[in-house]
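Enquirer: no sequence on hand, only this structure:
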C-alpha cells in the first residue's frame with residue numbers, strides 16, 4: 001500500500017512539473033500585436049509548416065472602415081496573447097445587425113517554418129513563370145494546309161474547354177460569349193498575317209468577370225490550347241495481317 005501511494009505521489013509530481021514547464025514555455029513566447037501577420041487566404045499551404053493554436057474572433061459596432069480596423073486590431077491582440085504570429089482569416093464582414101465581425105485561426109510559425117514556406121513559395125513562383133513562358137510561345141502556321149489544319153482545331157478545343165456559346169466564327173476570328181459576372185473565362189482567338197506573306201500567327205486571349213482570373217488556370221488553358229494546335233498529325237498504322 002505504501003508503495004502505491006509513493007508511486008501516485010511521484011506521478012502527480014511529474015504531471016505538475018510538466019504542466020508548469022508547458023505554462024512557462026507558453027509565457028516565454030512573447031509576441032507584440034503589431035508583429036502578428038493577418039493573411040486573408042483560405043489556402044492552407046500559407047501555414048503548412050506552422051502550428052495551429054486555436055480560433056480567434058472579434059466584433060465591432062463601428063461599421064465599415066473603423067469597424068474593420070477595430071476587428072483586425074482585436075484579433076491581433078488576442079492572437080498575440082496566445083503566442084501566435086500569424087492569423088489565417090476571412091475578411092471582416094458586416095452582419096444584419098450592423099455588427100462588423102471577423103474570425104480566423106491563430107498559428108505559431110517558427111523561423112524555420114517561415115523559411116520553408118518562403119522557399120516553397122519561391123519554387124511555386126518559378127513553376128508559374130515557366131508555365132507562363134511556355135503558354136506565351138507564339139503559334140505560327142504556314143499559309144495553306146498547315147494553317148487550315150491548326151485553325152480547324154480551334155472550335156473543337158473551345159467546345160471542350162469553354163462554357164460559353166460562340167459569338168463570332170470566321171476564317172480569322174472566333175469569339176465566345178461571356179464572361180459576365182462569372183469565374184468562367186470567355187475566349188477570343190485570332191489569326192493574323194505575320195508580315196512575311198507566308199505565315200500567320202494564331203493567338204488566344206481570355207476575359208474574366210469581376211472576380212478576376214485564376215492566373216494558373218488561364219496559363220494552363222493557354223498552354224493546352226497551344227499544344228493542341230501544334231501537335232503533329234499521326235498517320236494511321238497499317239493493321240497486322
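Expert: Cool, the structure landed. If you're wondering where the values come from, they're calculated on a predicted model, not measured in any experiment. Numbering: from 1, shown residues only.
Enquirer: got any ranges where the protein has weak pLDDT?
Expert: Across the chain, the ranges flagged by pLDDT under 70 are 1-29, 42-43, 96-97, 211, 235-241.
Enquirer: how about the helices in it?
Expert: All helices of the chain, identified by DSSP state H, fall at 2-28, 66-81, 111-135, 145-152, 154-161, 215-230.
Enquirer: just say which of those helices is most tucked in.
Expert: Most buried of these, by mean neighbour count (mean count of other Cβ atoms under 10 Å): helix 66-81, with a mean of 19. Any C-beta I mention is one placed from the backbone N, CA and C, and that applies to glycine too.
Enquirer: to residue 183, which of the helices of the chain lies closest?
Expert: Of all those, helix 215-230 sits nearest to residue 183, with 9.1 Å by Cβ to Cβ.
Enquirer: so how far is the closest one from its chain's centroid?
Expert: 18 Å (Cα atoms, centre = their mean, to the nearest Å).
Enquirer: the inter-axis angle of it versus helix 154-161?
Expert: When axes from the mean of the first three to the mean of the last three Cα atoms, to 10 degrees is applied, the directions of helix 215-230 and helix 154-161 differ by 140 degrees.
Enquirer: quick one, helix 215-230 and helix 145-152 angle?
Expert: 140 degrees.
Enquirer: other SSEs contacting helix 215-230?
Expert: helix 111-135, strand 139-142, helix 154-161, strand 199-207 (3 or more Cβ pairs under 8 Å, 6 or more residues apart in numbering; DSSP states H and E).
Enquirer: would you mind giving the ones you listed as a markdown table with distance to residue 87 added?
Expert: A markdown table is the format used below for the helices and strands packed on helix 215-230 (distance: least, Cβ to Cβ, whole Å):
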| stretch | distance to residue 87 |
| --- | --- |
| helix 111-135 | 14 |
| strand 139-142 | 45 |
| helix 154-161 | 38 |
| strand 199-207 | 34 |
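Enquirer: didn't residue 171 look like it was pressed against residue 189?
Expert: No - judged on Cβ atoms under 8 Å, residue 171 makes no contact with residue 189 at a distance of 11.6 Å.
Enquirer: look at these two and report which has more neighbours.
Expert: residue 189 (23 against 9; other Cβ atoms under 10 Å).
Enquirer: quick check: closest non-adjacent residue to that one.
Expert: residue 174 (4.5 Å; Cβ to Cβ, 6 or more residues apart in numbering).
Enquirer: so what's that neighbour bridging to?
Expert: For residue 174, the beta-bridge partners under DSSP bridges are residue 169, residue 189.
Enquirer: now it: how far from residue 157?
Expert: Per Cβ to Cβ, to the nearest Å, residue 174 is found 10 Å from residue 157.
Enquirer: repeat for residue 135
Expert: 14 Å.
Enquirer: over to residue 146?
Expert: 17 Å.
Enquirer: one more: residue 71?
Expert: On the measure of Cβ to Cβ, residue 71 and residue 157 end up 46 Å apart.
Enquirer: likewise residue 212?
Expert: Separation of residue 212 from residue 157 (Cβ to Cβ) stands at 23 Å.
Enquirer: cool, residue 39 as well?
Expert: The gap separating residue 39 from residue 157 is 37 Å, by Cβ to Cβ.
Enquirer: and what of residue 104?
Expert: 41 Å.
Enquirer: could you do residue 52 as well?
Expert: Separation of residue 52 from residue 157 (Cβ to Cβ): 43 Å.
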